[in-house]
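Student: 3D model of this:
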Amino acid sequence: MKKLLLSIEAMILLIPLSVAVCYASALTLIIGIPASIAQQLDAGSSYDPMLPLSAIGNIAGVYALVVLWSLVLNTIQGRRYTFTHTFRLGVVAGIVASLCLIIIYDWPALVFGVIPPVVLAIHFVIIQRMRFTNA
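Tutor: This is a model prediction of the structure:
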């Protein structure tokens, strides 16, 4: 029953976020990066820092999401998750992605794109620590 509830929690919070990150990644690769390069080459246009900021935030967000998925899947399957440099780098990437989201989209990004994965990550880290502290 516990695995089922954890799976439902992860699905409710991570699937919409994963779809949004995949969509944003496609937009960044197809439109954002070429537009940023074209803007840099065009001397007459004004520079918009949001395009490279969105690319950086998107790359960081993809990495953080992959690390979060590995934490969630290991926890649901009852396996120990090792909090190594990969996890720490994922946390840093998540912070960078969150800051980029907040700078670009303001408070809606905080409510819908930052708080749910942070709460989920904290919950699954607590479960991992409680389950494997004395193991």
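Student: C-terminal to the lowest-mean-pLDDT helix or strand in the chain, what's the next element?
Tutor: The helix or strand of the chain with the poorest confidence is helix 33-41; it has a mean of 75 (mean pLDDT, DSSP states H and E). Following helix 33-41 in sequence order, the next helix or strand is helix 50-76 (DSSP states H and E).
Student: need the contact list for D48.
Tutor: Counting by CB atoms under 8 Å, 6 or more residues apart in numbering, D48 touches Q39. Every C-beta, even on glycine, is put in place using the N, C-alpha and C of the backbone.
Student: with A35 instead?
Tutor: Contact partners of A35, counting by CB under 8 Å, 6+ apart, are L51.
Student: now do it against L53, distance only.
Tutor: 13 Å (CB to CB, to the nearest Å).
Student: buried residues in the least confident helix or strand of the chain?
Tutor: I33, S36 (16 or more other CB atoms under 10 Å).
Student: stretch 21-34 now?
Tutor: Buried, per 16+ other CB under 10 Å, within stretch 21-34: V21, A24, S25, T28, G32, I33.
Student: can you check stretch 87-107 too?
Tutor: Under the neighbour-count criterion of 16+ other CB under 10 Å, stretch 87-107 has F87, G90, V91, A93, G94, V96, A97, S98, C100, L101, I102 buried.
Student: remind me what the helix or strand V92 falls within packs against, helices and strands.
Tutor: V92 is part of helix 85-105 when elements are defined by DSSP H and E. Helix 85-105 sits against helix 50-76, helix 115-132, with contacts defined as 3 or more CB pairs under 8 Å, 6 or more residues apart in numbering; DSSP states H and E.
Student: now the shortest one, how far from the centre of its chain.
Tutor: Going back to what we said before, that points to helix 115-132. In this view, helix 115-132 has its centroid 15 Å away from the chain centroid, taken as CA atoms, centre = their mean, to the nearest Å.
Student: pull the CA atoms of it into CSV?
Tutor: The C-alpha trace of helix 115-132 is given here as CSV (Å, rounded to 0.1, in the frame of the first residue of the first chain):
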residue,chain,number,x,y,z
ILE,A,115,7.6,24.2,-4.8
PRO,A,116,6.1,20.8,-5.9
PRO,A,117,9.4,19.1,-6.9
VAL,A,118,11.1,20.6,-3.8
VAL,A,119,8.4,19.1,-1.5
LEU,A,120,8.6,15.8,-3.3
ALA,A,121,12.4,15.7,-3.1
ILE,A,122,12.4,16.5,0.7
HIS,A,123,9.7,13.9,1.3
PHE,A,124,11.7,11.1,-0.5
VAL,A,125,15.0,12.1,1.1
ILE,A,126,13.3,11.9,4.5
ILE,A,127,11.9,8.4,3.6
GLN,A,128,15.4,7.3,2.5
ARG,A,129,17.0,8.6,5.7
MET,A,130,14.4,7.0,7.9
ARG,A,131,14.5,3.7,6.1
PHE,A,132,18.3,3.4,5.8
